[in-house]
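In: pasting the structure only:
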C-alpha cells in the first residue's frame, strides 16, 4: 500500500524529531511492503517568517489531500510579541478546524526500564501505567460564550466563560472512546462533574445511553476530582478515559508527568474524516534546537499511532512500539531521561530504534 503523509516540521526541534520519525516510517514500510510519500508543509513560526502567516492556504490544502499529518512542534520566543491571531500556535488550531478534528487521543505509558524516572512511589510504578485519554477537542468551556461586564453583585468588572455541550458532540466523542476500548482492554471510565454541572449531567446521561450498545465494555463514571487523585494513587486501574475539553486538558498533562518524560509521549487528533493529525506532546524547545539533544521517541510513537488509527496497520505500529521498548530496555537514553548516565544524540537514538525494526 502507498500512503501520503504531510510533514509539518515546524519550529525548534520539530524538524529533527519529524525527520527521525520519517526515517522510522520508511524502514517500517520496507519491512512490511508499504510506501510512504512525504510532503513538507509550512506551518508555525517558520511559515510566519516566509509567508507572513502561521498557516498558509497552500499548507491546508496539502494536509487535506494527504492520508495523515505528522507535526513536530510550533512556536518559540521569537514570535511571542506577535498579536494572538498571528502567533505560531494558531497553525495548530487552524489545522484541527480545517481537518474537522474533534477527538484528542493522549496515551500515557510507563516503560519498565524507566520506572525510576516516574515521580510515583515505587510500588505504584511497578504496577504499571498503560492508559489513553480521549479528550473532546472542539467544544466545552474553551469554545463557549465569553466576555466581560460590569458586575451586578460586586464592585467593578467581572469575566465569564460558558461551558456548553450538545448531545451530538457527546455522542461522537463517546463512540470514539467505546470503539477504542473495544480494541484495548475493554474498560472505559467517563470523567465529569455531574454533581455540580448541568453540562456534565447531560454528558453522563448520554454516555449511559451509549454504554448499552457496548455490553462488553466495563463502563463507569468518575468525578473529575476523584479521577485526578486516582491517577496518582492507582493509575494501573485505567484503560481508556473519556472526558470533556477542559478536564481532558488537565488530566492528560497530569498523566504525562507520571511516565518520566514528556519527550516520550505521542498524541493524535482525529475526526470523522480519514485525515488525522499526529504529534508529540512536547513543545518546540528552541533552547536545544540543532544540538542533537531532542528526544525523538514521542514523534516516533506518534507515527506508530498514525499507522494504527489512520492506516489500520496494527502490526506495523506494534513493531515500532516494540523497537522503542527494546531500545529503552537496552539502556540508551537521550539527555531528558539520562539522569547521571551517558546521553546519546537524537540521531543515535533514532539509528538504534531503526536497528530493532
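Out: Yes, it's here. Because the structure is a prediction, the values reported are computed rather than measured.
In: Residue 304: neighbour count?
Out: Neighbour count for residue 304, taken as other Cβ atoms under 10 Å: 28. The C-beta positions use only the backbone N, C-alpha and C, and glycine is treated the same way.
In: Make sure it is actually in contact with residue 321.
Out: Yes. Residue 304 is in contact with residue 321 according to Cβ atoms under 8 Å; the separation is 5.3 Å.
In: Before we move on, what's the pLDDT of residue 152?
Out: Looking at residue 152, its pLDDT stands at 89.
In: Compute the distance between it and residue 144, please.
Out: 21 Å (Cβ to Cβ, to the nearest Å).
In: ok, those two, which is more surrounded?
Out: Using other Cβ under 10 Å as the criterion, residue 152 and residue 144 rank with residue 144 on top: 15 against 6.
In: buried ones in stretch 217-227?
Out: 217, 219, 221-224, 227 (16 or more other Cβ atoms under 10 Å).
In: same question for the helix of greatest length in the chain, mean pLDDT?
Out: Secondary structure of the chain per DSSP state H: the longest helix is helix 14-32. The average of the pLDDT scores along helix 14-32 is 98.
In: Spatially nearest residue to residue 248, not counting backbone neighbours?
Out: residue 135 (2.7 Å; Cβ to Cβ, 6 or more residues apart in numbering).
In: isn't that neighbour right next to residue 106, touching?
Out: Yes. Applying Cβ under 8 Å as the test, residue 135 and residue 106 come out as touching, 6.5 Å apart.
In: what is in contact with those two at once?
Out: Here residue 135 and residue 106 have 248, 252 as joint contacts, going by Cβ atoms under 8 Å, 6 or more residues apart in numbering.
In: Compare those two and say which is more crowded by neighbours.
Out: residue 135 (27 against 23).
In: Who does that one form a beta bridge with?
Out: Beta-bridge partners recorded for residue 135 (DSSP bridges): residue 104, residue 243.
In: if I pick it, what's in contact with it?
Out: Going by Cβ under 8 Å, 6+ apart, residue 135 touches 103-106, 243-245, 247-249, 252.
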